[in-house]
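Visitor: fold the following for me, if possible:
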Amino acid sequence: MHGLGLLEVVHVLEMVGVSARARQRCPLPFAWRWFAHADFLGVLGKGASNRAVSRVLRSKAAPGLRVLGARTFGPLDRLLPDLRRSDHAPFWDRGLPAVMWTDTADFRNPHYHRFSDQPQTLDFDFMQQVLALLVGALEA
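Guide: The predicted structure follows:
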């Protein structure tokens, strides 16, 4: 437990509705081969939340879902500001464990923060797999 009562780890679902039919851009120039295809979910942790990332990666709850996990430490998120682009960052700033789940947002989704971001642009099968994985990871 941390200073907020029963909080163990925060799971932030940041843009998890677009997958393989999209074009993927790479947020990290040195990691292009892992990001070449827009067919994955990314999970990102830092410090104490890296255990939760490991639980997600071990889960068998969504066997058809490709998951890329990033376990980070220290000031890496300050050196790569794209790692802080969601509501998990304030938890990290307070030393609290938080995991960001992402389809990589505007690196993949051409409708990100636009009026064209409509239900018909989302991949509901992908989102169902993400939900199954989240439930499986929380039950683990």
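Visitor: for the residue positioned nearest the centre of the chain, helix, strand, or coil?
Guide: In the chain, the centroid-proximal residue (Cα atoms, centre = their mean) is W101; its distance is 2.0 Å. Classification of W101 using DSSP: H, G, I helix; E, B strand; the rest coil returns strand.
Visitor: need the nearest residue in space to it, chain neighbours excluded.
Guide: Take W101 and drop its neighbours on the chain: the residue closest to it by Cβ to Cβ, 6 or more residues apart in numbering is L13, 4.8 Å away. For the C-beta atoms, the positions are set from N, CA and C on the backbone; glycine is no exception.
Visitor: confirm that neighbour sits in a strand?
Guide: Yes. Under three-state DSSP, L13 sits within a strand.
Visitor: the residue nearest to the centre of the chain reaches L41, doesn't it?
Guide: Yes. The pair W101 and L41 qualifies as a contact (Cβ atoms under 8 Å) at a distance of 6.4 Å.
Visitor: so the residue nearest to W101 makes contact with L133?
Guide: No. Under the criterion of Cβ under 8 Å, L13 makes no contact with L133, lying 10.7 Å away.
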